[in-house]
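*Asks:* whatever this is, show me its structure:
(2 chains, ligands or ions: 1)
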Amino acid sequence: MYMETVHNEDTWYKLDTAAKLYPAILSPKQASVFRLSCILKEPVDPEILQTALTVTIRRYPSFNVRLKRGIFWFYFEMNEKLPVVRPESVYPCQLIDPKENNDFLFQVSWFESRINLEIFHGIADGSGGIEFLKTLVYYYLLLQGKNIQTLGMILTLETKVDPEETENSFHRYYDPLFQTSRAEEKAYHFSGSALPQHQLRLIHGLIPVEELLNKARAYQTTVTEYLTAVLIKAFFIADGGKGDPDEIVKISVPINLRKLFPSKTVRNFSFYVNVGERFKNKQNGFDSLLSTVREQMKDQMQKDKISSRMNPNVSLEKNAAIQVVPLDIKQALIKQVHRIIGDDLFTCSLSNLGVVSIPETMSSYISRFDFSLSISERIPLNCSVCSSNGIVSFTFSSSLKETSVEQAFFRLLAADQLPVTIESNQG
Amino acid sequence: MKKCRQCNVWVNTNADFCPLCNEMLVVVDERESAPLYPVISEPKKEGRKLNFLAKIFLFVSILASITSLVVNIAVWNGVFWSLPVIGGIIIAWLLVGLPLMGGLNLNYMLISQMAGVQLYLILIDAVFGAKGWAVTYVNPFLYIAVAITISLFVILYRVEWRDYLITLVLMAVIGICPLLNILFQWANVLWPNMVFGLLVFSPDKLKKEIRKRLHL
Ligand SMILES: [Zn+2]
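*Replies:* Next up is the predicted model:
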């Protein structure tokens, strides 16, 4: 029954719990768009890419939507138009204007041998988006006549759409009995001179996976804990001693909830923990910083704690009094709340997508995957990580002229005997 | 491939300076790297001319409004005729300005225009002492005019009918009922009855559309 309605023009979705935030805070300065790129070993053929996209969109009904205004909430309804690939011609992670994009909330572009998938966070998170990109690349290579197999690692039209893939998993794991406040101390904010609007500087850093894993092992930490500590230290250095000793540099680390609460959803299902250290403790050395990060991470990553921090979002959403507030007023309220428990609470994101797993037959045609985030007015710098084909790819996206955080971060890794290769979208 | 001695990193670029610290890079491998990102041209600034024109018109509109108000009060003849003049200028902005601005959903545009014209008619009614002719006779036609405009728009421009379905039905119902009322002097109960009937016997599509828009 459900299957028959998947591609029906009458199908519609409520925005998932996390997605409800994004239309409210949307502005050119806060696009809430992330980019997933796949760098192939040969230049992209746009016609084949278009055909691959036309096939792929049929497998992902929750991407095949347009955003509509209801009386009380936004909603997604089926988009009967076709998504169109275009050559990369603007800076990464800009606001997606549905009117110029056949109403779609994602965009596929290409440059030389790179395929970019840019997604408005309202329809999916990084883990959902990477599934789409993997399918797109799979069909692209297949249409090129390459001999590749899915080995069960790629969602294709042969594997039917599971209703679970389009569910709001926040609701499935909602427990009204466990709720705690998300209010916490405000964080230090990094600033500088702004680049012209519509510009975003990307600086990628590439490191062999094995080397990074060995480094984390040597410190007896996880890769994310190690990188978080290095990033905090980079802010200490970049700040140049101006910071108030009591201020706290906090890194927001997104958590893929699918790992804690099993779900196949390709929509949003992530949360975050904020991990930080005060300027006054920077003299204590890296090992102390690392153990602070490790402790906070271990404490906050407990399943119960995460669950009780994400439940309030769902209960707000289900609150009858809030539901009947007209959309525009609701949007203004969400915007205010976001200011208080969103951007104020962290300095910078460190989003680690983890390993992009692709079948071996495909990986010989692929150099690597990249993952980039957009920025906002309060958070002018973000860091994202993913690994593929034995390469860990870091991306700093920034709207500032200064490169001091990036410089400190990569110099710290290099000083730790890690071989770093830098690439940038400027110069 | 190049190297930055300050940062101790490799740099894959054709540029001469390190993206991290801006120091001169050391060439390790003479081969040109393929460009990694396209050169982005600056976005063109559009709509400036229109903005300038709009500013002139806005200035003239405000000037005309103030002048008429001042003259009206200075040479008082017992009728507040400047109010309809100022209202007329605002209506002109609603009718001409809104579509020119673009970007606004047709639904909202038509509804705000309709509301504006209605208020204007009531204002004329009040100022010139006519006894409610605007509300009774003109309003139904206004609703129907909006409904016809939307239908034409949907047919001519082949836009999504779903976007305008509810507005269309509402306009038609609100417009036609009072009109029938006038024509046949039917009882007032008819009005709510028809709305109810429409919801009960409405086609499936309309019901689905209403459910989507009203979901809680
Ligand atoms: Zn350098």
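
*Asks:* check contacts around the closest residue to A:Leu26 other than its chain neighbours.
*Replies:* Nearest residue to A:Leu26 in three dimensions, chain neighbours excluded: A:Ser32, at 6.4 Å (Cβ to Cβ, 6 or more residues apart in numbering or on different chains). (C-beta placed from N, C-alpha, C; glycine too.) Under the criterion of Cβ atoms under 8 Å, 6 or more residues apart in numbering or on different chains, the contact partners of A:Ser32 comprise A:Tyr22, A:Ile25, A:Leu26, A:Phe120, A:His121, A:Gly122, A:Ser374.

*Asks:* and the pLDDT at the residue nearest the centre of chain A?
*Replies:* Averaging the C-alpha coordinates of chain A gives a centre point, and the residue nearest to it by Cα atoms, centre = their mean is A:Gly126 (4.2 Å). Per-residue pLDDT puts A:Gly126 at 95.

*Asks:* then the one 10 residues further on?
*Replies:* We note a pLDDT of 98 for A:Leu136 in this prediction.

*Asks:* secondary structure element for it?
*Replies:* Using DSSP states H and E, A:Leu136 sits within helix A:126-143.

*Asks:* follow-up on the earlier one: how near is the residue nearest to A:Leu26 to chain B?
*Replies:* Here the criterion is Cβ to the nearest Cβ, to the nearest Å. By it, A:Ser32 lies 20 Å from chain B.

*Asks:* okay, now the domains of chain B?
*Replies:* In terms of domains, chain B is parsed into B:1-36, B:104-214 (source: automatic domain parsing).

*Asks:* between the ones you listed, which gets the lowest average pLDDT?
*Replies:* Between the domains of chain B, the lowest average pLDDT goes to domain B:104-214, which shows a mean of 68.

*Asks:* follow-up on the earlier one: and the helix holding A:Leu136, what does it pack onto?
*Replies:* Helix A:126-143 is packed against strand A:33-40, helix A:46-59, strand A:106-111, strand A:114-120, strand A:248-256, strand A:348-355, helix A:360-363, strand A:366-372, with contacts defined by 3 or more Cβ pairs under 8 Å, 6 or more residues apart in numbering or on different chains; DSSP states H and E.

*Asks:* give me the helices and strands touching the next helix or strand after that helix, please.
*Replies:* Using DSSP H and E, the helix or strand that follows helix A:126-143 in sequence is helix A:169-172. With contacts defined as 3+ Cβ pairs under 8 Å, 6+ apart, helix A:169-172 has these neighbours: helix A:303-318.

*Asks:* so where is the stretch 51-200 of chain A shaky, pLDDT-wise?
*Replies:* For the stretch 51-200 of chain A, not a single residue meets the criterion pLDDT under 70.

*Asks:* and the residue of the stretch 1-150 of chain A that's closest to the ion?
*Replies:* Using Cβ to the ion, the closest approach of the stretch 1-150 of chain A to the ion is made by A:Pro92 at 22.2 Å.

*Asks:* which residues of chain B fall in strands?
*Replies:* Ranges of strands within chain B are B:2-4, B:9-11, B:26-27, based on DSSP state E.

*Asks:* show me what the first one is in contact with.
*Replies:* What it means is strand B:2-4. For strand B:2-4, the external contacting residues (Cβ under 8 Å, 6+ apart) are A:422, B:9-13, B:18, B:20-21, B:23, B:25-29.

*Asks:* does the ion have contacts with that strand?
*Replies:* Yes. Applying Cβ under 5 Å from the ion, one finds strand B:2-4 in contact with the ion at B:Cys4.

*Asks:* strands paired with that strand, and their directions?
*Replies:* When sheet partners are counted by DSSP bridges, strand B:2-4 sits next to strand B:9-11 (antiparallel), strand B:26-27 (antiparallel).

*Asks:* so which residues on chain B come close to chain A?
*Replies:* Applying Cβ under 8 Å from any Cβ of the partner chain, one finds that chain B approaches chain A through B:1, B:4, B:7-13, B:15, B:17-22, B:34-38, B:40-41, B:43, B:162-163, B:205, B:208, B:212-216.

*Asks:* which residues of chain B lie near the ion?
*Replies:* Counting by Cβ under 5 Å from the ion, the residues of chain B lying close to the ion are B:Cys4, B:Gln6, B:Cys7, B:Cys18, B:Leu20, B:Cys21.

*Asks:* okay if I get those as TSV plus neighbour count?
*Replies:* TSV is the format used below for the residues of chain B next to the ion (neighbours: other Cβ atoms under 10 Å in any protein chain shown):
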residue	neighbour count
B:Cys4	25
B:Gln6	14
B:Cys7	23
B:Cys18	25
B:Leu20	26
B:Cys21	17
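
*Asks:* from these, pick the one nearest chain A.
*Replies:* Taking Cβ to the nearest Cβ as the measure, B:Leu20 is the one of the residues of chain B next to the ion closest to chain A, at 4.1 Å.

*Asks:* I figured the closest one hits B:Cys7, correct?
*Replies:* Yes. Taking Cβ atoms under 8 Å as the contact criterion, B:Leu20 and B:Cys7 are neighbours in contact, 5.0 Å apart.

*Asks:* spit out the residues that contact these two alike.
*Replies:* By Cβ under 8 Å, 6+ apart, B:Leu20 and B:Cys7 have these common neighbours: A:Gln407, A:Phe410, A:Arg411, A:Ile422.

*Asks:* which parts of chain B are helices?
*Replies:* B:48-74, B:82-92, B:98-101, B:106-128, B:133, B:139-157, B:161-184, B:190-201, B:204-214 (DSSP state H).

*Asks:* picking up where we left off before, so which two of the shared contacts of B:Leu20 and B:Cys7 are the farthest from each other?
*Replies:* A:Arg411 and A:Ile422 (10.8 Å; Cβ to Cβ).

*Asks:* re earlier: how many neighbours does the residue of the stretch 1-150 of chain A closest to the ion have?
*Replies:* The number of residues packed around A:Pro92, counting by other Cβ atoms under 10 Å in any protein chain shown, is 25.

*Asks:* now do the same contact list for it.
*Replies:* Taking Cβ under 8 Å, 6+ apart as the definition, contacts of A:Pro92 comprise A:Arg35, A:Asn116, A:Glu118, A:Leu200, A:Leu202, A:Ser372, A:Ser397, A:Asn425.

*Asks:* okay, and the beta partners of the third one?
*Replies:* Right, A:Glu118. A:Arg35, A:Gln107.

*Asks:* tell me who's in contact with it.
*Replies:* If you count contacts by Cβ under 8 Å, 6+ apart, A:Glu118 has them with A:Val33, A:Phe34, A:Arg35, A:Leu36, A:Pro92, A:Cys93, A:Ile96, A:Phe106, A:Gln107, A:Val108, A:Ser109.

*Asks:* now the last one. Nearest residue, chain neighbours left out?
*Replies:* This points to A:Ser109. Among residues not flanking A:Ser109 along the chain, A:Glu88 sits closest, at 4.3 Å (Cβ to Cβ, 6+ apart).

*Asks:* neighbours of that neighbour, how many?
*Replies:* As a burial measure, A:Glu88 scores 23 neighbours (other Cβ under 10 Å).
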